[in-house]
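J.: show me the folded form of this:
(one chain, ligands or ions: 1)
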Amino acid sequence: MTDRMKGIQQAQAGAGSGMNSPYRVLVAKVGLDGHDRGAKVIAQGLKDAGFEVIYTGIRQRPQDVVRACVEEDVHAMGLSSLSGGHMANFTSVVAEMKKQKIFGSIALFGGGVIPPDDRKKLLKLGFFEVYAPGASLQTIVTDLKTTLSRGRKSSK
Ligand code: B12
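T.: As a prediction, the model looks like this:
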């Protein structure tokens, strides 16, 4: 068993049971715009649900968020985009994850103003889900826990 899988199993043991060893999730905003309300709502919601959350703040480069994933040794990364730049930005993050050899070992998901056709493309790219405006926090929490508990890292 890899160290990574051991870490996920330890996190599973902690999730929802006192949370001594919760899942760590990075919530990140790539791109140049300042639409951060959704990212902050998700970050707080995941924290309230027992996840350990690291929020990068706005205007991060793909290299920055991927480095943060490595340094913080996260189990999952959630990307937010409302500006319309999601295809370019999310694709760059995936490319950087591949370069740093962490693609497939971190569950990847996202949300924001993202049309259904683009959602489908992002699922093919490796996101396990992409959530539109109005998405319920409970659904996001449940999906993330399910994905991590199955050790499943990429799309459904
Ligand atoms: C509020 C808002 C602003 C605020 C932002 C305040 C802030 N600090 O965030 C202000 C007034 C600053 C603003 C500015 C601009 N905005 Co604006 N803004 C909006 C608006 C009306 C609502 C966004 C919002 O906060 N919703 C509330 C939050 C809670 O919802 P949410 O972010 O969608 O998040 C939910 C889901 O999307 C999802 N989600 C989001 N992120 C993530 C991440 C993860 C990991 C997960 C799991 C889920 C998830 O879950 C959340 C809960 O359901 C949208 C229109 C809209 N209806 O979405 C336009 C919108 C995003 N803005 C837009 C534009 C064009 C601009 C400006 C360029 C306008 C201008 N010409 O100046 C500027 C850009 C300024 C800049 N440099 O960034 C466009 C973007 C166009 C596009 N996508 O093609 C939109 C879509 C409006 C439109 N219909 O044209 N904006």
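
J.: and residue 90, helix, strand or coil?
T.: Counting by DSSP: H, G, I helix; E, B strand; the rest coil, the backbone at residue 90 sits in helix.

J.: quick one: it and residue 78 touch, right?
T.: No - in terms of C-beta atoms under 8 Å, residue 90 does not count as a neighbour of residue 78; the distance is 11.2 Å. Every C-beta, even on glycine, is put in place using the N, C-alpha and C of the backbone.

J.: which neighbours do those two share?
T.: Residues touching both residue 90 and residue 78 (C-beta atoms under 8 Å, 6 or more residues apart in numbering): residue 110.

J.: what does the protein have sitting close to the ligand?
T.: Listed as neighbours of the ligand in the chain under the rule C-beta under 6 Å from any ligand atom: 27, 33-39, 41-42, 78-80, 82-84, 109-113, 131-135, 140.

J.: ok, 8 Å please
T.: For the chain, the contact set with the ligand under C-beta under 8 Å from any ligand atom comprises 27-28, 32-42, 78-84, 109-114, 129-137, 140, 144.

J.: looks to me like residue 28 is in a strand.
T.: Yes - checked against three-state DSSP, residue 28 lies within a strand.
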